[in-house]
Structure formats: C-alpha cells, structure tokens
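Student: Requesting a structural model of the entry that follows:
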Amino acid sequence: MESKRGRVYIIGAGPGDPELITVGGLKALKRADCVLYDFLSNSELLKHAKDSCERICVGKADGLHLKEQGEINRLLYKKSKEYRVTVRLKGGDPFIFSRGAEEARYLKKKGVRVEVIPGITSAIAGPESFGIPLTVKNKISSVAIITGRKKDTNAEIEAPRCGTLVYLMAVGNISNVVKALRRNKWSEATPCAFIERATRKDTRIIHATIATIEEEAQRAKIRPPAVLVVGEVVNYGKE
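Tutor: Next up is the predicted model:
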C-alpha cells in the first residue's frame with residue numbers, strides 16, 4: 001500500500017555558485033512546500049522557493065551543527081507528513097561526505113517516498129574552476145576523493161598512491177594530512193593547491209608542495225570550506 005505522506009527530495013545544491021545546481025534540483029526546489037538547508041548550500045537558491053515555502057536552517061558546516069543528525073532525520077519525517085513536497089538541500093553532492101544516504105535510509109524505513117537528485121561536488125568543481133584537471137589522458141588515470149577529517153581524532157588519514165588526491169574538510173587537520181602523505185612516501189616536492197570557497201565570487205587558490213602546504217595555508221589564513229588537491233595535475237592549472 002502506497003504511503004499517503006508527501007515526497008522528500010534530497011538535493012545536491014552544488015559547490016557554491018548558485019548557477020551550478022542541476023535543472024532537476026531547481027525544479028524540485030521551486031515546488032517545495034518546505035526546505036531544510038545547510039550553510040554550504042548557497043542562500044541565493046532559496047529565492048527560487050515559493051513565498052509560502054517554510055525555510056528551516058539546520059546548520060551543518062565544518063565544526064558547527066545547529067541540529068544533530070538524528071534531529072534532522074526526525075524533522076524531515078515530520079515535515080513529510082505535513083507537506084506534499086519537502087526538500088533537503090545539501091551543499092555539493094548529497095552522497096559525497098554528507099549524510100544524505102543516511103537521511104534517505106531513515107525516511108524509506110518510515111515509508112516516506114524519497115528521491116535523490118545528485119549535485120556537483122566541490123571535489124571536482126573546485127579544481128576545474130581553476131583549470132586543474134583531475135585526470136590527464138595517458139598520464140594521470142586515477143583520482144581519490146578523501147576526507148581530511150575523521151570523528152576519531154586518532155584515526156589515520158588515508159593517502160593512497162594514485163594519480164590525484166582530493167581532500168575535503170582538511171583545513172583544520174592539514175598537519176595530519178601531510179603526515180599521512182609522508183607516511184605513504186609521497187614526494188615532498190609534489191604540487192598541492194588549496195581552493196577556498198570553490199566557485200563562489202570570493203574564491204581563491206594558493207599553491208604549494210607537500211613540504212610547504214601546511215605553512216602556506218597558515219600564512220594565507222585558509223578557511224573552510226576548502227578543497228585540497230595533491231598531485232602533478234596542479235601544475236596544469238598554473239598553465
């Protein structure tokens with residue numbers, strides 16, 4: 001028997017530039033009766049929602065959560081019973097180092113109809129916005145997207161040996177990221193770049209190497225959200 005509750009759309013808002021939300025995501029947002037949004041989703045996108053749409057900020061930024069995940073899950077379920085269309089708007093892609101999959105599972109177990117609309121992750125859009133390709137034909141054929149922070153502060157950060165590494169949430173833990181790279185025998189001379197506030201008007205980039213990235217990030221006062229790119233692809237952006 002089909003649930004009589006409304007539908008919940010879990011939407012990726014894209015990397016920051018409001019024009020980079022998908023057509024499908026924008027269509028769902030315009031239909032929304034209620035939107036639960038994060039800090040990382042550009043606030044300009046909320047202008048596309050109906051005047052009658054209820055807007056709820058649930059926080060979610062690096063180190064700051066206005067609402068804990070369990071509370072967000074329960075709120076989504078509550079709103080799905082109140083409204084025909086509820087939107088969960090999340091920065092980047094909802095399944096890339098986000099809790100979108102957890103939210104979808106929770107709602108489906110409750111019998112709520114859920115549709116996931118992918119978004120453009122800053123792990124790809126950030127480097128591309130500065131001309132950095134993550135792969136290069138016949139030269140660099142692999143890329144890993146890695147979390148730069150783990151809940152267990154004693155857990156080792158990953159630094160696999162592949163063509164390009166892209167770290168999200170690495171600003172506050174850059175020293176441990178560098179330790180992981182050294183532990184896994186990455187050359188000290190390997191090019192690196194920190195991209196802050198990718199695709200937004202106030203975005204910026206700093207270039208360094210594994211040997212100097214920690215010092216350069218501190219000197220430039222890099223702040224989250226920021227994407228760290230490690231590998232020879234960084235040099236292509238300089239061209």
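
Student: And for stretch 119-134, what's in contact with it?
Tutor: Residues from elsewhere that reach stretch 119-134 (CB atoms under 8 Å, 6 or more residues apart in numbering): 11-17, 20-22, 25, 90-94, 96, 140, 143, 145, 163-164, 166, 168, 193, 195, 198-199, 203, 205, 225, 227, 229, 233-234, 236-237, 239. For glycine as for every other residue, the C-beta is placed from the backbone atoms N, C-alpha and C.

Student: For that stretch, measure first residue to last.
Tutor: In stretch 119-134, first residue to last residue: 18 Å (CA to CA, to the nearest Å).

Student: Can you give me the buried ones in that stretch?
Tutor: 119-130, 132, 134 (16 or more other CB atoms under 10 Å).

Student: which one of these is nearest Asn73?
Tutor: Gly119 (19.7 Å; CB to CB).

Student: Excluding sequence neighbours, find me the nearest residue to the closest one.
Tutor: Excluding its sequence neighbours, the residue lying closest to Gly119 (CB to CB, 6 or more residues apart in numbering) is Gly12, at 1.6 Å.

Student: contacts for the helix or strand of the chain with the lowest mean pLDDT?
Tutor: When the helices and strands of the chain are scored by mean pLDDT, DSSP states H and E, helix 233-238 comes last with a mean of 94. Contacts to helix 233-238, defined as CB under 8 Å, 6+ apart, come from residues 127, 130-136, 140, 163-164, 191-193, 205, 207.

Student: Just name the closest of these to Tyr83, please.
Tutor: Pro127 (37.7 Å).

Student: Ignoring the adjacent residues along the chain, who's closest to the residue nearest in space to the middle of the chain?
Tutor: Against the mean C-alpha coordinate of the chain, by CA atoms, centre = their mean, the closest residue is Gly92 at 4.1 Å. Distances taken as CB to CB, 6+ apart place Thr121 nearest to Gly92, at 4.5 Å, with adjacent residues excluded.

Student: beta partners for Val229?
Tutor: Beta bridges link Val229 to Val166, Ala193, judged by DSSP bridges.

Student: Would you mark the buried spots in the helix ranked longest in the chain?
Tutor: Criterion DSSP state H: the longest helix present in the chain is helix 69-82. For helix 69-82, a neighbour-count test (16+ other CB under 10 Å) marks Ile72, Asn73, Leu75, Leu76, Tyr77, Lys79, Ser80 as buried.

Student: any residues touching it, and which ones?
Tutor: Contacts with helix 69-82, where a contact means CB under 8 Å, 6+ apart, come from 5-8, 34, 36, 54, 56, 58, 67, 86, 88, 99, 102-103, 106-107, 110, 112.

Student: Recalculate using a threshold of 7 Å.
Tutor: Helix 69-82 is contacted by residues 5-6, 8, 34, 36, 58, 86, 88, 99, 102-103, 106-107, 110, 112 when judged by CB atoms under 7 Å, 6 or more residues apart in numbering.

Student: Nearest to Asn154, out of these: which one, please.
Tutor: Nearest to Asn154 among these: Arg99, at 22.4 Å, using CB to CB.

Student: Of the contacts of stretch 119-134, which belong to strands?
Tutor: Judged by DSSP state E, the subset of those located in strands is 11-12, 90, 143, 145, 164, 166, 168, 193, 195, 205, 227, 229.
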